[in-house]
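**Q** could you work out the structure for the sequence below:
(3 chains)
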Amino acid sequence: MENPQKFSPEKITSDLLPQPFGRRGKLWTAALLLVALIGAFAYIQQLRKGLVVTNMGDYVSWGIYISNFVFFVAISLVGSLITAIFRLADVPWRTPLTRISEIIAVSAITFAALIIIVDMGRPERMLYLFLHGRLQSPIMWDVIVISTYFCTSLLLLYITLLPDIKIMIAAREKLGTPFAKFYRWLGSFWKGTEAQEKIRNRSITLICITIIPVAFCIHTVTSWLFATTYRPGWDSTNFGAYFVSGAFLVGAGGVVVAMYVFRRVYKLEHYITERHFDKMGKILVMLALLYLYFNVNEYLVPAFKMKKDEEAHLRGLFTGEFAPLFWFAILVGMIIPIFILVFPKGRKPNAMFAAGVMVVVGAWFKRYLIVTPTLLHPFLPKFDAPARYSHYFPSWEEWAITAGSLAGVLLIITFFARVFPIISIYKTITDHDTELPS
Amino acid sequence: MSIEKSRREFIAAGLLTTMAAVACNSKKTPFTPEEDVQPSGEKVKLLSVDGEIIEVDKAFLKPVPHMPSVSNEEIRKGIPGKKFAMVIDLSRCKNLKKCQSACNHMHHVHSEQNWIKVYQMQDAEMTAPYFQPTTCMHCDEPPCVKVCPVDATFKRQDGIVLIDSDRCIGCRFCMAACPYSTRVFNWEEPELTADVAAQTYSAETSVPQKRGTVGKCDFCPDMTRMGMLPHCVSACPNGVFFFGDINEDSVTNGSETFRFSDLVKDKSGYRLMEDLGTKPSVYYLPPVNRNFKFEEGLKNDEPAAKKA
Amino acid sequence: MTLNYHHKLCFLVSFFSVIAINCVIAQDSAAPVTTMSVRYFLPVNKVPYVEVNTKKKVGRKFEPVMSIPVSIYLNEATPANLLGKVITGANGLAKVAIPATFKSTWDSLGEIKFIAESDSISGQPALSGDVTIKKAILVIDSASADGVRAVTAQLKEKKGNEWVAVKDIEMKLGVKRMLGNLTVGEAETYTADSTGIASAEFKRDSLAGDKNGNLVLVAQVEDNDTYGNLIVEKAVPWGKSVQPDTHFWHRSLWSTGNRVPVWLLLLAVSIIAGVWGMIIYLVRQVIKIKKMGKEFDRGLTT
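**A** Residues are numbered from 1 along each chain as shown, chains lettered A, B, ... in the order given. Down below sits the predicted model:
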């Protein structure tokens, strides 16, 4: 790798072992907890009064809960991109990024599942999905595929973590006792014998092969929740690919942001190097161009024909009510990052961080634009319904719950980084070992 | 103008009385007691028109026979041998919205929501505007039923699409899937009087509705089981709605009965959004040779006309 | 929801019931005047009954008035002539048949008056109504010759011991349908000719009948001033046989969860089995690693 000095395993271990929260860490965690608690409070309000606390109506029957759900599913795809695809393609510089992407995947998919429950009018009947499930319903497919992806991601995270657990058990004196029992419970059986290592390697390869189609499925099926309806803006054969490409983009953007933050906070400059940013920057450009390509397909083709039912929807996006948000999402979510990242200077950490944030924020609003404007343009005119149903702006409860869920995802990642090394110690050591002779 | 108006009132009044008569006596149950009435087991001795003494089961003399409550399993299957359909004659609609108010009243629909909507339609700039009442289309390829994850909304053998509010999880996928904007959601606890709230829920009456579940027009199968017409059909003073069984090939608005196939053929009936392949059970007759001017109907949307 | 009210009567039993499903609940407003009407019905020439209807006009529409106790008498409003006491239901209706104890009165009369009376209760003024009818029966017949099918009906009134056809009676001739009868020809009504026969050509060719192709013809006299309401039916094999459509029970994307299309079931099951098979295999690998670790601890392997 580009870092000139070769570190000893001891140095790597002590650099990468999880550290207790500092003042900033405590503040950050407290702030996230506060946001999550406000979200929980808002949800209790919603449980008491019903979904009437939201500003959804009979037209916009899916609001930011669903767009947030799509966002979470999208960002969770990155686990399969960085770990599985990079591993199978034998991308040598992936090591410091894999665990970050895996934990983003696990936490995002967890909250994707939770936010769907939040959106249900009758959450207490959730078990009906299993008691009375209909295999014909794309929701059923989503339930199956998301739980499968969750399990697979968790398994991937766990199996890759095993050698690090051994290292952490060994480093008990340095780490103190807070999680010692937990580590032993999780992985005291890992001895790193040749036979164990062989099974572990084989298992990781198998999971990587399995998780790629499952990851494609979660977002394709999520896109089908929309594409299996007749609605303008959703009625598209392109939707699966469009969603998956967007998911890779936001996932990679999320990893770039996380890379930057962990690098700064945990002082990992020697492990997450500028070279990693440069490589990720190139990937991000490629993914942004890919997503832009699908966007052109998704909007230009129907706009060329301007079918009656599509017209109001498309005009609303291009020049109407949603135009500022639409062009914001296109410019900030794709075009500006592309312009930043095509230049080598733009692929330096600070610029990359800005581009990553843009991609993620743009992607969040993009999901909102996929869900809401379509619902405001039904086939029959909006009529004989309350006037407030003709517009949608989320209520404070919806914002609070959404913010709470985002905080929840960050909390899981934060706690994970507190308990486990965010970069695989074992893999970093072996990478160094294999590089030495060359 | 005034003569025309009074004539119309006369016709409307006439229709009402005929309809009342039909509602009372052309149901088959009072006339054919042997067939449908659940015997109570108690016999009484009555006189026949000939002066003979006949033993008759007590049950058949009720004004409306007691309908045994239908189990959820039966409700989900529907009435065997039937295939219900509706014909809406747009040339007769004056935007009175009596259908809507009767429907809302009988199903205790939320005061701001409507299961029946009466749209002001105009297909193109130069074409004529008209009023288009819409119910649930009770599609034969129902997109809403396709997407329901828990069998909460279902299609029955008699063609009716219903919602079981005891099953619905409130995911609202059906609302997104329905191209006819026919479904509404109980966003809050329904405002029901104590006696309505105390009623035993049935997917056929859709009463009482439940918070967090989806509602929509149900074609009033509880009425059909009693041999009566859906509330919208009997509420319309202009006879816009015709309801019947395609297997019997006839539809009626209470005062007039037509052979369904003839009516739809002769008047060029059509269905909404045929291109979507949903195969609705609701047919429309085009707004030609109208009974009312569109402008007259517009007056019914003015606040003064809506006082009731 | 059905409520049954049972009434004890001096002579006999009578009965009725109330259904509260389809009716607007009457408000005790003073402004609209409640009226009472009495009608006579004779279904299938068997058991006649009398129906009272209490309603009020609200705007242009009649609304039923429920829970009015009504006494119905034969010929005279005296206790001895009381047919029954009834209470109007939610639809404003109540009915009473003629108890067997009135046989001698019934037999002796050709023309009968039914009187309905209610006492004034709780702000509701006393109501009364009556109807006078002549005893009659309705006879329906069908004929088929040279491809022409005809329906005939006669209203016959009691003259001495004979039933004699009445001329110039207007009636409806229809085919029985579930929710409203379909006229057999183009006309809405048919009038009996000078011989007392109302006839109509049957023009509903290949109309859907039952499984065997049977149709039920219906002759109906409605609200006749002299004879009341009569209805009679006859089954004829003039319809098209309709077989139940089994399409509904096929597997499809819109059918119930247990009738999922086979292709979808196979696809889903094979995908789920494949992926979860892999997950289970991997979990077992982890367990295997765990066992190895324990064996290692015991010093069995190195």
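**Q** so what touches stretch B:125-134?
**A** Here stretch B:125-134 makes contact (C-beta atoms under 8 Å, 6 or more residues apart in numbering or on different chains) with A:380, B:88, B:90, B:93-95, B:99-100, B:116-122, B:180, B:182, B:232, B:240-241, B:272, B:282, B:284, B:287, B:290, B:294, B:297. Heads up, the C-betas are built off the backbone N, CA and C, glycines and all.
**Q** just those: which are in helices?
**A** Members of the contacts of stretch B:125-134 lying in helices (criterion: DSSP state H): B:99-100, B:232, B:294, B:297.
**Q** show me the shaky parts of the chain.
**A** By default, I'm working from chain A. For chain A, the stretches with pLDDT under 70 are A:1-5, A:434-438.
**Q** wait, chain C
**A** If you take pLDDT under 70 as the line, chain C has these spans: C:1-31, C:300-302.
**Q** correct me, but B:R92 touches B:G239?
**A** Yes: with contacts counted by C-beta atoms under 8 Å, B:R92 reaches B:G239, the gap being 6.1 Å.
**Q** can you select the buried ones among the contacts of stretch B:125-134 for me in PyMOL?
**A** Buried members of the contacts of stretch B:125-134, defined by 16 or more other C-beta atoms under 10 Å in any protein chain shown, are picked up in PyMOL with:
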select buried, (chain A and resi 380) or (chain B and resi 88+90+93+94+95+99+100+116+117+118+119+120+121+180+182+232+240+241+272+282+284+287+290+294+297)
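**Q** ok, now which ones touch C:I68?
**A** When contacts are counted by C-beta under 8 Å, 6+ apart, C:I68 touches C:34, C:36, C:54, C:87-88, C:118, C:121, C:124, C:127.
**Q** one more: B:G78?
**A** Neighbouring residues of B:G78 by C-beta under 8 Å, 6+ apart: B:156-160, B:221.
**Q** so which residues of the stretch 101-250 of chain C form helices?
**A** C:103-108 (DSSP state H, counting those that start in this stretch).
**Q** which residues of it lie near chain B?
**A** C:102-103, C:106-107, C:135-137, C:174-183, C:204, C:207-208, C:220, C:222-223, C:229, C:231, C:233, C:242, C:244-245, C:248-249 (C-beta under 8 Å from any C-beta of the partner chain).
**Q** how about 6 Å then?
**A** Residues of the stretch 101-250 of chain C that fall close to chain B, judged by C-beta under 6 Å from any C-beta of the partner chain: C:103, C:106-107, C:177-180, C:182, C:207-208, C:229, C:231, C:242, C:244, C:248.
**Q** buried subset of these as a PyMOL selection?
**A** Of these, the buried ones go into a single PyMOL selection, burial set by 16+ other C-beta under 10 Å:
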select buried, chain C and resi 106+177+178+179+180+182+207+208+229+231+242+248
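**Q** how near is A:T430 to chain C?
**A** Separation of A:T430 from chain C (C-beta to the nearest C-beta, to the nearest Å): 18 Å.
**Q** what do you get for A:L155?
**A** Taking C-beta to the nearest C-beta, one finds A:L155 at 6 Å from chain C.
**Q** show me where pLDDT drops low in chain B?
**A** B:1-40, B:60-68, B:302-308.
**Q** quick one, helices of it?
**A** B:2-25, B:28-31, B:33-36, B:72-77, B:98-107, B:143-147, B:173-177, B:194-197, B:221-225, B:231-235, B:260-266, B:294-299.
**Q** is chain C contacted by the fifth one?
**A** What that stands for is helix B:98-107. No: counting by C-beta under 6 Å from any C-beta, chain C is not contacted by helix B:98-107; separation bottoms out at 7.3 Å.
**Q** quick one: contacts for B:R172?
**A** Listed by C-beta atoms under 6 Å, 6 or more residues apart in numbering or on different chains, the contact set of B:R172 reads A:S61.
**Q** need phi/psi at it.
**A** phi 70, psi 20 (degrees, to the nearest 10).
**Q** get me the contact residues on the stretch 151-300 of chain A for chain C.
**A** Checking the stretch 151-300 of chain A against chain C by C-beta under 6 Å from any C-beta, the hits are A:151, A:155, A:189-191, A:195-196, A:199, A:203, A:210.
**Q** most remote residue from chain A's center?
**A** Distance from the C-alpha centroid of chain A peaks at A:D384, with 39.9 Å (C-alpha atoms, centre = their mean).
**Q** what sits closest to that residue if chain neighbours are left out?
**A** B:K117 (3.8 Å; C-beta to C-beta, 6 or more residues apart in numbering or on different chains).
**Q** so what's whichever residue of chain B sits closest to chain C bridging to?
**A** Chain C sits closest to B:T252 of chain B, with a gap of 3.1 Å, by C-beta to the nearest C-beta. Here B:T252 sits in beta bridges with B:F243, B:T257, going by DSSP bridges.
**Q** tell me what C:K56 is bridged to.
**A** Beta-bridge partners of C:K56, as defined by DSSP bridges: C:T34, C:E63.
**Q** who's in contact with it?
**A** So C:K56 contacts C:32, C:34, C:63, C:65 (C-beta under 6 Å, 6+ apart).
**Q** again with C:L215
**A** Residues near C:L215 by C-beta under 6 Å, 6+ apart: C:175, C:209, C:236, C:238-239.
**Q** adding distance to A:H313 and neighbour count, write those residues out as a markdown table.
**A** Formatted as a markdown table, these follow (distance: C-beta to C-beta, whole Å; neighbours: other C-beta atoms under 10 Å in any protein chain shown):
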| residue | distance to A:H313 | neighbour count |
| --- | --- | --- |
| C:V175 | 49 | 26 |
| C:G209 | 49 | 23 |
| C:V236 | 57 | 20 |
| C:W238 | 54 | 21 |
| C:G239 | 50 | 22 |
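**Q** with respect to chain B, which of these is nearest?
**A** Using C-beta to the nearest C-beta, these come closest to chain B at C:V175, 7.9 Å.
**Q** against C:D193, how distant is that closest one?
**A** Counting by C-beta to C-beta, to the nearest Å, the gap between C:V175 and C:D193 amounts to 22 Å.
**Q** B:V56 now?
**A** In terms of C-beta to C-beta, B:V56 sits 35 Å off from C:D193.
**Q** looking at the two, which has the bigger crowd around it?
**A** B:V56 (19 against 13; other C-beta atoms under 10 Å in any protein chain shown).
**Q** what sits opposite that one in the beta ladder?
**A** B:V44.
**Q** could you verify my assumption that it touches B:L46?
**A** Yes: using C-beta atoms under 6 Å, B:V56 is in contact with B:L46, at 5.2 Å.
**Q** between these two, what contacts are shared?
**A** Common neighbours of B:V56 and B:L46 (C-beta under 6 Å, 6+ apart) are C:V47.
**Q** close to chain C: what parts of the stretch 151-300 of chain B are there?
**A** Checking the stretch 151-300 of chain B against chain C by C-beta under 6 Å from any C-beta, the hits are B:151, B:155, B:157, B:229, B:244-245, B:247-250, B:252, B:257.
**Q** so which of those belong to strands?
**A** Here DSSP state E is the test, and those give B:155, B:244-245, B:250, B:252, B:257 as lying in strands.
**Q** same list (the residues you listed) but as TSV, adding distance to B:H110 and neighbour count.
**A** Below are these laid out as TSV (distance: C-beta to C-beta, whole Å; neighbours: other C-beta under 10 Å):
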residue	distance to B:H110	neighbour count
B:K155	25	24
B:G244	30	30
B:D245	31	22
B:S250	35	28
B:T252	30	25
B:T257	34	24
